[in-house]
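A.B. asks: Structure for this input, please:
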Amino acid sequence: MAVFGNPMQTWMDNMPQGMCLKSEGFASNLSSPDGLHSLWDFCKSTGQFYAPYAWPVPVSVFVDYGLWFQRELVPAVVTDRRVTSVELADRGFRVRLQDGGELTARRVVTALGVLLHPHRPAELSALPPDLLSHSSDHSDLSRFAGAEVVVLGAGQSALETGALLEERGARPLLVTRAGSLCWNPGLDRYPAYGSLRRRLRMPISGLGPGWDCLVHSEGQALLHRLPESRRLRMAYETYGPAGAWWLRPRFESDVPVLYQHSLVGAEQVGGRVRLQLAGPAGGRSLDADHVIAATGYRPSVDDLAVVAPPLRTRIRRCGRGPSLTSGFETSVKGLYVTGVLAASEFGPSMRFVHGTRFAAGRVGRSIAAQVAGRPRLISVSSALVGRKEAVATRS
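C.D. replies: Residues are numbered from 1 along each chain as shown. Next up is the predicted model:
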């Protein structure tokens with residue numbers, strides 16, 4: 001087995017300092033077969049504070065947890081040889097490396113994260129990189145101190161980016177098409193702290209309180225059996241833009257919001273950005289030093305650049321994602337796809353850390369069943385690497 005990638009690189013290089021996870025502590029565990037490598041286990045072993053609820057998990061803590069998890073369970077990750085291409089071969093796949101080397105593998109598991117799929121509105125296409133960025137482009141927002149920055153969006157990424165910008169001396173303005181912002185419930189509404197009757201009416205789950213969240217969180221196998229049209233609606237329309245309860249006081253006290261305004265166009269004027277917006281009172285222009293598109297991600301099989309085009313075109317589609325078996329195997333035998341691209345098959349939990357438990361277990365069991373009796377078993381956790389060079393192979 002070989003695992004390629006840089007563990008937790010996305011979290012280290014593409015998440016701003018001071019950020020916290022949206023998920024609660026109990027829902028931020030990576031998947032381990034022994035069940036003994038949870039976030040709580042890490043915090044206990046290192047003497048750090050932990051709480052299952054009502055504690056915003058700092059990204060710095062989650063990064064340390066992920067690196068500890070990797071050292072404990074998958075120590076032999078190849079970090080100095082980048083995978084550039086996965087191609088079909090006579091007996092499986094040929095994996096080409098950046099240094100000119102190559103491997104052959106009967107099975108390949110991709111765990112490529114979200115960075116392949118950032119969505120930037122087409123209306124911003126005329127702006128140069130120094131005036132436009134995506135929220136995932138930043139690990140340190142202090143570079144915008146003193147600058148006027150427009151943040152586009154209304155989800156957790158947009159709201160937290162706005163709050164962090166203000167706290168680092170910038171002058172942010174959030175622009176959203178929505179008429180109001182949505183916030184996830186706080187501690188006072190969590191059923192774990194209520195009566196038994198309330199807990200039964202609103203059970204807690206890794207994706208939030210309520211029976212619908214529980215089904216999405218733990219019923220992935222059931223969701224996989226639903227008609228494709230229903231699965232696609234669930235994957236792309238469930239859990240829309242919303243902010244975490246702990247972020248609300250920080251955001252509402254300091255970050256101005258321009259509601260009900262849609263982006264029409266953008267241009268560079270005198271070294272700054274000029275946005276053209278449409279709102280209830282008609283069109284208006286808005287000038288700023290920079291625009292951050294916190295507009296989420298649009299996963300597509302077409303973004304899998306590491307998979308060679310002839311191989312990519314053989315992957316049967318389910319919406320923008322791949323059509324997958326119950327074990328996450330694509331229509332190309334031996335090629336597995338995990339992570340956010342699997343949401344069109346297994347529901348919205350694939351977009352969150354909590355979904356890795358189901359994905360890793362299914363992939364592991366699928367491969368184990370195929371190679372039973374053979375000494376060399378391929379397995380990889382989709383949460384472990386989270387970067388575009390993540391490929392597990394058997395040479």
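
A.B. asks: only C-alpha atoms for contact and neighbour calcs from this point on.
C.D. replies: Fine.

A.B. asks: Helices along this structure, start to end?
C.D. replies: Counting by DSSP state H, the segments of the chain that form helices are 9-13, 39-46, 59-73, 156-167, 196-201, 211-218, 220-223, 228-237, 248-254, 309-312, 343-346, 356-370.

A.B. asks: Residue 90: which of those helices is closest?
C.D. replies: Residue 90 lies closest to helix 309-312 among the helices of the chain, at 13.0 Å (C-alpha to C-alpha).

A.B. asks: Show me which residues of the closest one are buried.
C.D. replies: residue 312 (16 or more other C-alpha atoms under 10 Å).

A.B. asks: from the chain's centre, how far out does that helix sit?
C.D. replies: 24 Å (C-alpha atoms, centre = their mean, to the nearest Å).

A.B. asks: Do me a favour and average the pLDDT over that helix.
C.D. replies: For helix 309-312, mean pLDDT rounds to 96.

A.B. asks: wait, doesn't residue 261 sit right on residue 177?
C.D. replies: Yes. With contact defined as C-alpha atoms under 8 Å, residue 261 reaches residue 177; the gap is 4.8 Å.

A.B. asks: Give me the more crowded residue out of those two.
C.D. replies: Remark: of residue 261 and residue 177, residue 261 carries more neighbours, 20 against 16, as counted by other C-alpha atoms under 10 Å.

A.B. asks: The more buried one - nearest residue in space that isn't next to it in sequence?
C.D. replies: In space, and not counting its chain neighbours, residue 261 is closest to residue 279: 4.4 Å by C-alpha to C-alpha, 6 or more residues apart in numbering.

A.B. asks: Number of residues surrounding that neighbour?
C.D. replies: By other C-alpha under 10 Å, 14 other residues sit near residue 279.

A.B. asks: do the same with the one 5 residues further on
C.D. replies: Other residues within reach of residue 284, judged by other C-alpha under 10 Å, total 12.

A.B. asks: quick one: contacts for it?
C.D. replies: Counting by C-alpha atoms under 8 Å, 6 or more residues apart in numbering, residue 284 makes contact with 276, 277, 278.

A.B. asks: low-confidence ranges in the stretch 201-350 of the chain?
C.D. replies: The stretch 201-350 of the chain contains no residues with pLDDT under 70.

A.B. asks: hey, where'd the strands end up in it?
C.D. replies: Using DSSP state E, counting those that start in this stretch, the strands of the stretch 201-350 of the chain run over 257-258, 262-269, 272-279, 282-288, 290-293, 317-318, 321-322, 335-337.

A.B. asks: Indicate which one of the ones you listed is closest to residue 19.
C.D. replies: When the strands of the stretch 201-350 of the chain are compared by C-alpha to C-alpha, strand 290-293 sits nearest residue 19, at 16.0 Å.

A.B. asks: name the helices or strands packed onto that closest one?
C.D. replies: strand 132-134, strand 148-152, strand 272-279 (3 or more C-alpha pairs under 8 Å, 6 or more residues apart in numbering; DSSP states H and E).
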